[in-house]
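# Provided below are the primary sequence and the corresponding predicted coordinates.
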Amino acid sequence: MSNFDYGFGTVYYPGIKQIVSANYSRSHGITPDVCQIEMVPQTLNASDSGYTPIAPDGYLLFQFDEYMNDARTGRTQILLQGCRPDRASVRQSETSINWTIPIYDRRWKWKFGSFSGHWNVKKNGLIEPRKKKTPRELADMCLEAMGEQNYDTRDLLDLEKKTSLPYRNQVFPEVHWDRIPPAQALNDMVTKLGYRVCLGWDDKVRILKYGEGALLPTEDLMSGGFEANLPETPDSVTILGGITMHEALWELEAVGLDLDGDWRPINHLSYATLDSSGEPAWHLSIPPSFPEIRTRFDEIKFDKKPSDDEYKKRKDQYALATETVYRCYRLKYPVGTKEKESLRQKFDDLGYQLGLVVDLGHRPGEKVYDNLQEKYTEARRELFADSEPVIPGPKLKNPRTGRLGDYKLQEFEQILPVLETRAELAIDSYSQKLIRRPPEVSGIYYDPQKVGDTLTADEKLHTIEVSQFSVLPELGIIKFSQPLVQYKTVKGKNGDPDETHTLPAEMRVLIATPLKNLVGEPARYEHREELKAKYRTKPAPLPDGLKDNPRKLPGGTDTKVVIKNEIVQAYQAQYETKKNAQGKEETRLVNVVDNSEKEELVKQALAAIDVENIKITSEDSGSGIYAGLKKIELDGAIQQVAISRTESGGMTTTVARNSEVSVVVPDFDERQRGIALKEMIKQHNETINKTDQVKTKGA
């Protein structure tokens, strides 16, 4: 019920002489809300008489005077300090010209500042004591860095108790803040935990739990809409994490790029060097000059024109050899995999034939090429699958026996594109960020800096510095800056002297890969939690006596999937190297560990699910329009308060609970998407900090 007969509202801003109307909405978040002011035009020329400058850092004063029987009975004021005007626009009608000027509230200053911190870092599954901070402590640090002296973060204490929020007890979010505005750091952290940043009319910043707060008032209500709690609820919420990482030690095979655009083992290339019997003999053409391949080109270099097909083919073959052969090694099998000789022979024979067909000029789209390529691809797939390569990860149940066994890959494409790191976490020495370790490449190869003048390298594995190679993820190829070979002594035949042959190096890489099923879907961390029964939808019973005896549809709804790419399941294979009966060292898989307990993946998922449950089960929502100026504070439920002053001096206040109704500003979720998009673009454009995948020496 109204406590006044009529009232008159006014709005003031320093430098604006006459305000015709104003509309302002105060909402959750760190994005400044805007007061759209319609004003009478005034001079902006300082030399004119009557010139009044519009303050660049001023205040907005909303004032409403209440009258009863022509006597003023009350005055309500709301003061917003630190406001900033923006560009004015002109609105012209047949009778008048007015300017519209937006005034931003003081949160426009929150986009500035630089704040850094790395907290709640885990080592061996435990947070370092010196790096441990509660959400409230982190929020206080951010607010202090923002220059706020009047704030309230008591609601965050719920995260430290064991009663009110069962899924988020003792939450210590790991944060990596590197020179970002402190307001952004604060907003990112609390929003993920189900809280909101609320700026009050008293200029106090409060961190309040989303969905909880005051009811809509009833006094001076002019109109309103109230909604029952009828959310679109699923039966469960599923947290879907980032792509699972499977770290294993892989053998590498030497490959090269051919004229048809395909990567193949070097013995299958169209320009492979052959001996007198037609067998691959790369030892006759060693890097970096590849004399045999170069000679083939030199034979016609002066006899044929560059436009000639044979000239172009031999030139391109030489260029491909120098660029890729002995420099590119592709993942072959996880260490310990055994091949079937018959399938290898079949694959090699088809590869030899394909090389000849490519050398003759046949390309994709021609029947002779496509038929052979199809057989070659199938032979490689058969060879790979029957070798039963084991990848570290969850055990797979045998449908016939019910026993758990190793996960065996069926196709090489199941691990493409490979990741550019290992799964193991480490602290980057430069940025202090938590990063994945770089791949570790080792092998038996000739290194002139280590073995002196002799061409024979020892049979020990040597590690290659990270700076000496790069990863081609889509191809599963490790590309080295220099050719890698090994030299082996081969006994001469029929009394011939021994020879030293150039052979591909025996290389391996410790690297993480995804794991895809046969339809190409990558494995991800997944955790599902059923909603409480009272929140699930149930179909109403059908009335009796319906014609045609309709079939009753099944009840229930499917799960709501929430993507949390920061939750990553990681498996790491552990190996041991021992000498076999012949005295040769062999490496075999002994154990697989994962990060579920160390990084508390279930706890992270449950915290995210709890946030979703709050959104689903929040209390009644609605909005109301009230006469006059209502100084109603934002809280977790009161999400928006909008003030409107009309041209006639009337003033109303619109209050929204668990919803946002003002069309002046986007809703909270849209504002969050805008902030995230701007940050993503900023990170993409920055070149000063590229430390997430930093490459350091060693591994």
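On my side now, so go ahead.

# pLDDT of the helix or strand hosting Leu249, averaged?
Here Leu249, judged by DSSP states H and E, is contained in strand 245-257. Strand 245-257 carries an average pLDDT of 97.

# So which elements touch the next helix or strand after that strand?
On the C-terminal side of strand 245-257, the nearest following helix or strand under DSSP H and E is strand 263-265. Under the contact definition 3 or more Cβ pairs under 8 Å, 6 or more residues apart in numbering; DSSP states H and E, strand 263-265 sits against strand 245-257, helix 341-359. Heads up, the C-betas are built off the backbone N, CA and C, glycines and all.

# What residues sit buried inside the last one?
Translated: helix 341-359. Within helix 341-359, the residues that count as buried by 16 or more other Cβ atoms under 10 Å are 343, 346-348, 350-352, 354-355, 357-359.

# In CSV: the helices and strands packed on strand 263-265, plus distance to Arg380.
As requested, the helices and strands packed on strand 263-265 are exported to CSV (distance: least, Cβ to Cβ, whole Å):
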stretch, distance to Arg380
strand 245-257, 11
helix 341-359, 6
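
# what are the ranges of the strands in the stretch 151-300 of the chain?
With DSSP state E, counting those that start in this stretch as the criterion, the stretch 151-300 of the chain has strands at 151-152, 175-180, 195-199, 205-209, 221-227, 236-243, 245-257, 263-265.

# rank those strands by pLDDT, which is bottom?
When I compare those, strand 221-227 is least confident, with a mean of 68.

# residues contacting Lys578?
585-586, 588 (Cβ atoms under 8 Å, 6 or more residues apart in numbering).

# Check the secondary structure at the closest residue in space to Glu411 that isn't next to it in sequence for me.
Nearest non-adjacent residue to Glu411, counting by Cβ to Cβ, 6 or more residues apart in numbering: Arg381, 5.9 Å away. Put simply, Arg381 is helix when judged by DSSP: H, G, I helix; E, B strand; the rest coil.

# if I read this right, Asp65 contacts Tyr6, doesn't it?
No - here Asp65 does not reach Tyr6: they are 9.6 Å apart, not a contact under Cβ atoms under 8 Å.

# Neighbour count: these two, which is higher?
Legend: neighbour count by other Cβ atoms under 10 Å for Asp65 and Tyr6, higher for Asp65 (20 against 14).

# how many neighbours does Thr322 have?
Neighbours of Thr322 (other Cβ under 10 Å): 17.

# Then the one 10 residues further on?
For Lys332, the tally of surrounding residues (other Cβ under 10 Å) stands at 22.

# Could you pull up the residues touching it?
250-253.

# Ok, which of the helices and strands packed on strand 263-265 comes nearest Asn595?
Ranking the helices and strands packed on strand 263-265 by proximity to Asn595 (Cβ to Cβ) places strand 245-257 first, at 8.9 Å.

# ok, that closest one: who's next to it in the sheet?
Paired neighbours of strand 245-257 in the sheet (DSSP bridges): strand 263-265 (antiparallel), strand 328-334 (antiparallel), strand 506-513 (antiparallel), strand 570-579 (parallel).

# Doesn't Ser307 belong to a helix?
No - assigned with three-state DSSP, Ser307 falls outside any helix and is coil.

# Lys315 versus that one, what's the distance?
Per Cβ to Cβ, to the nearest Å, Ser307 is found 11 Å from Lys315.

# Which one of these two is surrounded by more residues?
In this view Ser307 and Lys315 are compared by other Cβ under 10 Å, and Lys315 has more residues nearby, 14 against 7.

# can you pull the contacts of Ala185?
Ala185 touches 115, 117, 142, 175, 177, counting by Cβ under 8 Å, 6+ apart.

# cool, and Pro265?
Counting by Cβ under 8 Å, 6+ apart, Pro265 touches 253-255, 351.

# at 6 Å instead, please
By Cβ atoms under 6 Å, 6 or more residues apart in numbering, Pro265 lies in contact with 253, 255.

# For it, name its beta-bridge partners.
Beta-bridge partners of Pro265, as defined by DSSP bridges: Val255.

# Pull the number of nearby residues for Leu221.
16.

# Kindly apply the preceding question to Leu409 instead.
Neighbours around Leu409, by other Cβ under 10 Å: 21.

# and the nearest residue to Glu160 once chain neighbours are set aside, how far is that from Leu360?
Leaving aside its chain neighbours, Glu160 sits nearest to Thr134 (5.7 Å; criterion: Cβ to Cβ, 6+ apart). According to Cβ to Cβ, Thr134 and Leu360 sit 71 Å apart.

# more neighbours, these two?
Comparing Thr134 with Leu360 by other Cβ under 10 Å, the one with more neighbours is Thr134, at 19 against 11.

# Off-centre distance for stretch 468-476?
Taking Cα atoms, centre = their mean, to the nearest Å, one finds the center of stretch 468-476 at 21 Å from the center of the full chain.

# before we move on, what about stretch 173-190?
16 Å.

# buried sites along it?
Buried-residue list, stretch 173-190, by 16+ other Cβ under 10 Å: 173-177, 180-190.

# Val171 is in contact with Asn120, correct?
No - counting by Cβ atoms under 6 Å, Asn120 sits too far from Val171 to count as a contact (9.4 Å).

# which of those two has more neighbours?
Comparing Asn120 with Val171 by other Cβ under 10 Å, the one with more neighbours is Val171, at 22 against 18.

# Give me the pLDDT for that one.
pLDDT recorded at Val171 is 74.

# List the contacts of it.
159, 607.

# run the last query once more with 10 Å
Contact partners of Val171, counting by Cβ atoms under 10 Å, 6 or more residues apart in numbering, are 120, 134-135, 156, 158-160, 165, 192-193, 600, 603-604, 606-607, 610.

# Highest neighbour count among the residues you listed?
Pro135 (25 neighbours).

# where does that residue fall, phi/psi-wise?
phi -60, psi -40 (degrees, to the nearest 10).

# And the helices in the protein?
All helices of the chain, identified by DSSP state H, fall at 135-145, 182-192, 291-301, 309-324, 341-359, 367-386, 448-451, 601-616, 668-685.

# any shared contact partners between Asn120 and Val171?
Between them, Asn120 and Val171 share the contacting residues 134-135, judged by Cβ under 10 Å, 6+ apart.

# Pretty sure Val255 sits against Tyr329.
Yes - between Val255 and Tyr329 there is a contact under Cβ atoms under 10 Å: 6.9 Å.

# Mind listing the shared neighbours of those two?
In contact with both Val255 and Tyr329: 476-477, 504, using Cβ under 10 Å, 6+ apart.

# in the stretch 351-500 of the chain, which spans are strands?
Using DSSP E, counting those that start in this stretch, strands in the stretch 351-500 of the chain cover 390-397, 404-408, 425-427, 434-436, 440-444, 462-464, 469-472, 477-480, 485-490, 499-504.

# May I see the buried residues of the third one?
When burial is assessed from 16+ other Cβ under 10 Å, strand 425-427 yields the following buried residues: 425-426.

# same check, this time on the fourth one
Across strand 434-436, burial judged by 16+ other Cβ under 10 Å covers 435-436.

# chain center to that strand: distance?
For strand 434-436, the distance to the chain centre is 14 Å (Cα atoms, centre = their mean).

# got a list of what the spatially most central residue of the chain touches?
Nearest residue to the geometric centre of the chain (Cα atoms, centre = their mean): Asn565, 5.5 Å. By Cβ under 10 Å, 6+ apart, the contact list for Asn565 reads 240-243, 524-525.
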